[in-house]
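S.K.: Task: produce atomic coordinates for the following.
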Amino acid sequence: MTDAGEAAVAAAVGAASTVVPVGGRTQWDVGGAPPAGTEVRAPAGIVAYDPAELTVTAGAGTSVAALDEALAEHGQECPLDPRDPRATLGGVLAVGTSGHRRLRFGPLRDRVLEVRFATADGRLVRGGGPTVKNVTGYDLPRLLVGSFGTLGVLTRVILRCQPRPACARWYDGGGDPDAARAACLAPSTIAWGPDGTRVLLEGHADDVDAQAAAADLVPAAGPPPWPTGPHRGRISVAPGRVGEVGAALDALDGVAWLAEWGVGTVHIAAATTAGLASARRVAGTADGWLLREAGAPDLDGFGVDLPAADVMGRVKAAFDPTGKLAPGRLPIPVPAAARRAS
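M.R.: Here you go, the predicted structure:
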């Protein structure tokens, strides 16, 4: 990948009237529906990798699978953990949904050290830095994570890596996720659902075995089956209310669910749009919300007014005054200039 590839993306963005950033299309239905317009793709490929510094620079069009393969050669990883490894780095960061190991490794945004992106007027802008200590100014990397391409089109990123665990094993944790969490030092995932609890432990094999023994965990054949179906979403709720949400979801017909205990994320799959809508009502009752991830084309992507929408609207107006970048992907106010132009 070269700077020329990024420059071509920036030029395409600047010349278009409506811009649709495209990655691996694995999260195409998440949130608001993609608009019709000029599709732009970021360059792919590893630009630089420094195993000693635990940093990797890659084009935003690089797939997570390709990144994982490159890092694995040096015994490292970057735990982005998308549902589909064909997803691109830019797509994963733009959508902003953290993977199933968030309980141990933190949210997705903590992996991003630097971003380069194309602005609405066709410029390439850099934010952040290759190391934490030399970062000054506005935290543009975190701002871009979860922006759905509405503030700029990611072209290149620098990500923080970590040693790949020598051992990763799934266990049956019985029916009490709180007990499993209390007995384990640092579980990567505690997945709780109607069929019980599964726990992912990672690290040195002896440490994993010791934690499993202390918690009376039984080896499992693998991870739990994540909910699948034509209509999918993820509920975000206060971690302390996940049990309440699970009990309410059990009463719904045709709705499968699995929760990330301690995080507050509940994965949903439904046989019908109505089933996913019912799950959204359950989330609202618990002061949470449901993000549509797949299917349910007649269901609003978010279902709630985003917090600080007025602030988001001002940020949008500053970055994209004509509203050309991924319009409709986020429920934020349209910049005044775009309204006047229409």
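S.K.: Need the mean per-residue confidence for whatever helix or strand A247 lives in.
M.R.: Taking DSSP states H and E as the definition, A247 sits inside helix 242-250. Across helix 242-250, pLDDT averages out at 97.
S.K.: Likewise for stretch 29-41?
M.R.: Stretch 29-41 shows a mean pLDDT of 93.
S.K.: And the next helix or strand after the helix holding A247, how far out from the chain middle?
M.R.: Next along the chain after helix 242-250, taking DSSP H and E as the criterion, comes strand 255-260. Put simply, strand 255-260 sits 17 Å off its chain's centre (CA atoms, centre = their mean, to the nearest Å).
S.K.: Equivalent analysis for stretch 9-27, please.
M.R.: 19 Å.
S.K.: how about the CA coordinates for that stretch, as CSV?
M.R.: The C-alpha trace of stretch 9-27 is given here as CSV (Å, rounded to 0.1, in the frame of the first residue of the first chain):
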residue,chain,number,x,y,z
VAL,A,9,-9.3,7.7,-1.9
ALA,A,10,-9.2,11.3,-0.7
ALA,A,11,-9.6,12.7,-4.2
ALA,A,12,-12.7,10.4,-4.8
VAL,A,13,-14.2,11.6,-1.5
GLY,A,14,-13.6,15.2,-2.3
ALA,A,15,-15.2,14.9,-5.8
ALA,A,16,-18.3,12.9,-4.8
SER,A,17,-21.6,14.4,-3.7
THR,A,18,-22.5,11.4,-1.5
VAL,A,19,-19.8,9.1,-0.1
VAL,A,20,-20.4,5.5,0.9
PRO,A,21,-17.3,3.9,2.6
VAL,A,22,-17.2,0.2,1.9
GLY,A,23,-15.2,-2.5,3.7
GLY,A,24,-15.9,-6.2,3.7
ARG,A,25,-19.7,-5.6,3.8
THR,A,26,-19.9,-8.0,6.8
GLN,A,27,-21.5,-5.2,8.9
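S.K.: Can you point out the buried residues in it?
M.R.: Residues 9-10, 12-13, 16, 18-24, 26-27 are the ones in stretch 9-27 that count as buried (16 or more other CB atoms under 10 Å). Just so you know, the C-beta spots here come from the backbone N, C-alpha and C atoms, and that holds for glycine as well.
S.K.: now stretch 219-238
M.R.: Applying 16+ other CB under 10 Å to stretch 219-238 flags 220, 224, 227, 229, 231-235, 237 as buried.
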